[in-house]
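J.: Pasting a predicted model and its sequence here:
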Amino acid sequence: MTTNRLYQHDSYLTEFTAHIVKRSQDGRRIYLDRSAFYPTSGGQPHDTGEIAGARVVDVIDEEHHIAHIMSEPVEAVEVTCRIDWPRRFDHMQQHSGQHLLSAVFLELFSAPTVAFHLGEEISTIELETPSLEPDQLEAAEREANRIAAQNRPVTISFEDSSTVQGLRRPPERSGTLRIVTIDGLDRSACGGTHVRATGEIGPILLRRTEKIRGHVRVEFLCGLRAVACARKDFRLLAQAAAQLSCRPEQLPELVAAQREALLAADKRSRRLAVELAALKGRQAYAEASPEPSGVRRLIERRAGGSIDEELRSLALSFTEQPSAIFTAAIENPPSVLLAVSADLGIHAGETLKKLLSRFGARGGGNARLAQGSLSDRASLESLLIELESLG
């Protein structure tokens, strides 16, 4: 027996009686002779609710039949069923809002909708356009809300695919089609649940966009979702404004000023760190004892980090003095820095590059300063032994 789909005729039906015509052996998968539960389809998630007091956790479209997946076995034959209305109405607002938005984007910017997803928190439409500017997004949002406020009727009709006219997209099916019409704006073949008039969609809020597969994906929220999102956004803005002792509308200018000040302070801090490292390098040279060859050597070991400007400054200031060799070794990730004073006649870049090649590693630099990375700590330790004999 084919399931009589009550939701196709009345999206506002929330309670009904039905007969179970088939069930799985464990009683958790049941089939009704008629059902108002919407199954996951067309980008819209399934309804939830109760059948004979048991919770409906999933609704599956099996072409001619609808399977209801239950939280517990249902043994009755005649059952009373209730739809979770807040979830149903939320889906109605989002889905009808999608039809309205798709028509608006097509009318304003010739951007047809190629995909729709109704999520738990946000919904998206994918538009067949390579880009969408912020002013276009705002224009679409204004127009969609203007039409919603006109409270245009949203009607359901059943028409033959061979004679149907005025559809936003050509039908993908033949035979009888269920047509959802927004008066004077849109006609689309659709099996989903919808509101009676655009005013019930409520406010329509467009959020971020992203480029995907040469198209643009637009996030949107309708109705109570949009209200909740706007309230959350304002609360966050108010909290941020309170931290900075300003009004929410002053945040962009104040944050930009704070960012510039932070960048300037960071730049000064890094410059001072480099200058301090240079001072430490000269001090380390003065404190280092010359080897029998007259070379003063400094080996800097660090457990982790990177070869940064501060470390290079330390190396160069140490080797600005005569007969000096500076080596820095970072264990994680394994890397090495070599600096030599000009009077030693050693080319740091060529020397380090040659040594690194023995370990299958790469690196290089100029006559005074060079660096490279290795694959493992053991190779690093072996390289340091080689460098100790340098000079």
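T.: It's in. Keep in mind that what you see is a predicted model, and the values were worked out from it rather than measured.
J.: Spell out which helix or strand contains residue 230, please.
T.: In the assignment (DSSP states H and E), residue 230 maps to helix 224-243.
J.: go on, residue 302?
T.: strand 296-304.
J.: what is the mean pLDDT for that strand?
T.: For strand 296-304, mean pLDDT rounds to 92.
J.: and if you look at stretch 243-261?
T.: For stretch 243-261, the mean confidence score works out to 92.
J.: Would you indicate which residues of it are buried?
T.: residue 251 (16 or more other CB atoms under 10 Å). From N, CA and C alone the C-beta is placed, and that goes for glycine too.
J.: Outside of that stretch itself, list whatever touches it.
T.: Here stretch 243-261 makes contact (CB atoms under 8 Å, 6 or more residues apart in numbering) with 234, 237-238, 240-241.
J.: got the contact list for residue 41?
T.: Applying CB under 8 Å, 6+ apart, the residues near residue 41 are 61, 191-192.
J.: Return the subset of those residues lying in strands.
T.: Per DSSP state E, strands hold the following members of those: residue 61.
J.: Neighbour-wise, which one of the contacts of residue 41 leads?
T.: Neighbour counts for the contacts of residue 41 (other CB atoms under 10 Å) peak at residue 192, which has 24 neighbours.
J.: quick one: it from residue 122, how far?
T.: 17 Å (CB to CB, to the nearest Å).
J.: same thing with residue 199?
T.: 22 Å.
J.: so how far is the biggest helix by length in the chain off the chain centroid?
T.: Longest helix in the chain by number of residues, with DSSP state H as the criterion: helix 251-287. Mean C-alpha position of helix 251-287 versus that of the full chain (CA atoms, centre = their mean, to the nearest Å) differs by 33 Å.
J.: Residue 158 sits in which helix or strand?
T.: strand 154-160.
J.: that older thread, can you flag the buried ones in the contacts of stretch 243-261?
T.: Buried among the contacts of stretch 243-261 by 16+ other CB under 10 Å: residue 241.
J.: gap between the residue nearest to the spatial centre of the chain and residue 122?
T.: The chain has residue 210 as the residue nearest its centroid, 9.3 Å off, counting by CA atoms, centre = their mean. Distance of residue 210 to residue 122, computed by CB to CB: 12 Å.
J.: still on that earlier bit, quick one: contacts of whichever helix or strand comes after the strand holding residue 158?
T.: Heading C-terminal from strand 154-160, the first helix or strand you meet, by DSSP H and E, is strand 176-182. The contact list for strand 176-182, computed with CB under 8 Å, 6+ apart, reads 8, 96, 99-100, 103, 147, 152-161, 164, 167, 171, 186-192, 194, 198.
J.: quick one: strand 176-182 to strand 154-160, angle?
T.: Angle, strand 176-182 to strand 154-160, by axes from the mean of the first three to the mean of the last three CA atoms, to 10 degrees: 150 degrees.
J.: thinking again about what came up before, got the buried residues for the longest helix of the chain?
T.: 251, 274, 277-278, 281, 284-285.
J.: Is it possible to get JSON lines of those that adds distance to residue 75?
T.: Formatted as JSON lines, these follow (distance: CB to CB, whole Å):
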{"residue": "251", "distance to residue 75": "60"}
{"residue": "274", "distance to residue 75": "79"}
{"residue": "277", "distance to residue 75": "79"}
{"residue": "278", "distance to residue 75": "84"}
{"residue": "281", "distance to residue 75": "84"}
{"residue": "284", "distance to residue 75": "85"}
{"residue": "285", "distance to residue 75": "90"}
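J.: next structured bit after whichever helix or strand residue 117 is part of?
T.: Assigned by DSSP H and E, residue 117 falls within strand 113-118. As assigned by DSSP H and E, the chain's next helix or strand after strand 113-118 is strand 123-127.
J.: Now do the buried residues in the next helix or strand after that next one.
T.: Next helix or strand after strand 123-127 toward the C-terminus (DSSP H and E): helix 134-149. By neighbour count on 16+ other CB under 10 Å, the buried set for helix 134-149 is 136-137, 140-141, 143-145, 147-148.
J.: Return the residue of this structure that is most distant from the centre.
T.: The chain, CA atoms, centre = their mean, max distance from centroid: residue 292 (61.9 Å).
J.: Tell me who's in contact with that residue.
T.: Contacts of residue 292 by CB under 8 Å, 6+ apart: none found.
J.: Distance-wise, check residue 355 relative to residue 381.
T.: 13 Å.
J.: Out of those two, name the residue with the larger neighbour count.
T.: residue 355 (20 against 13).
J.: Would you enumerate the residues in contact with the more buried one?
T.: So residue 355 contacts 383, 386-387 (CB under 8 Å, 6+ apart).
J.: Residue 95 now?
T.: Contacts of residue 95 (CB under 8 Å, 6+ apart): 44, 118, 190, 192-194.
J.: Where does residue 381 sit, in terms of helix or strand?
T.: Residue-wise, residue 381 maps onto helix 377-388 under DSSP H and E.
J.: packing partners for that helix?
T.: Secondary-structure packing of helix 377-388 (3 or more CB pairs under 8 Å, 6 or more residues apart in numbering; DSSP states H and E): strand 324-332, strand 335-340, helix 348-357.
J.: So which of those is the most surrounded?
T.: strand 335-340 (a mean of 24; mean count of other CB atoms under 10 Å).
J.: partner strands of it, parallel or antiparallel?
T.: Applying DSSP bridges to the sheet, strand 335-340 is found paired with strand 324-332 (antiparallel), strand 369-373 (antiparallel).
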